[in-house]
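Novice: I need the structure of the sequence given here:
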Amino acid sequence: MTTKSLILYVKAGCPWCRIARDYLQNHGYQYELIDVSRDCAAFEELKRISGQTFTPTLAWDNLVLSDFGPQDLEEFLEAHNIKP
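Specialist: From the prediction side, this is the model:
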């Protein structure tokens with residue numbers, strides 16, 4: 001996987017996923033939202049790129065942030081100079 005756009009993998013009903021979505025939206029980020037609970041192929045892709053099954057998981061370029069909270073997300077975006 002190589003992409004220069006943000007991809008957010010989520011599961012329906014996941015409160016951490018809602019927080020991640022809200023953070024990205026409130027800070028002006030454009031991203032692709034993929035619900036792995038509704039798409040078996042996307043769930044397999046999540047496992048392949050991250051080595052785990054937890055959400056939220058954010059992918060950008062060849063970088064992956066898995067199973068994170070808001071502080072982790074902010075630090076990841078800053079550390080990799082990912083701007084909205």
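Novice: from residue 28, how far off is the spatially most central residue of the chain?
Specialist: Nearest to the mean C-alpha position of the chain, counting by Cα atoms, centre = their mean, stands residue 58 at 2.1 Å. According to Cβ to Cβ, to the nearest Å, residue 58 stands 16 Å off from residue 28. Every residue, glycine included, has its C-beta placed from N, CA and C.
Novice: now find how far off-centre stretch 24-42 is within its chain.
Specialist: 7 Å (Cα atoms, centre = their mean, to the nearest Å).
Novice: got it, and stretch 46-65?
Specialist: So, by Cα atoms, centre = their mean, the centroid of stretch 46-65 is 7 Å from its chain's centroid.
Novice: may I see the buried residues of that stretch?
Specialist: Using 16 or more other Cβ atoms under 10 Å as the test for burial, stretch 46-65 gives 46, 49-50, 55-60, 64-65.
Novice: over to stretch 65-76?
Specialist: For stretch 65-76, the neighbour count (16+ other Cβ under 10 Å) marks 65-66, 68, 73, 76 as buried.
Novice: now do the helix or strand containing the residue nearest to the centre of the chain: which elements does it pack against?
Specialist: With elements taken from DSSP states H and E, the one containing residue 58 is strand 57-60. On a contact count with 3 or more Cβ pairs under 8 Å, 6 or more residues apart in numbering; DSSP states H and E, strand 57-60 meets strand 6-10, helix 40-50, strand 63-66.
Novice: repeat that with 10 Å
Specialist: For strand 57-60, the packing partners by 3 or more Cβ pairs under 10 Å, 6 or more residues apart in numbering; DSSP states H and E come out as strand 6-10, helix 15-26, strand 31-35, helix 40-50, strand 63-66, helix 70-79.
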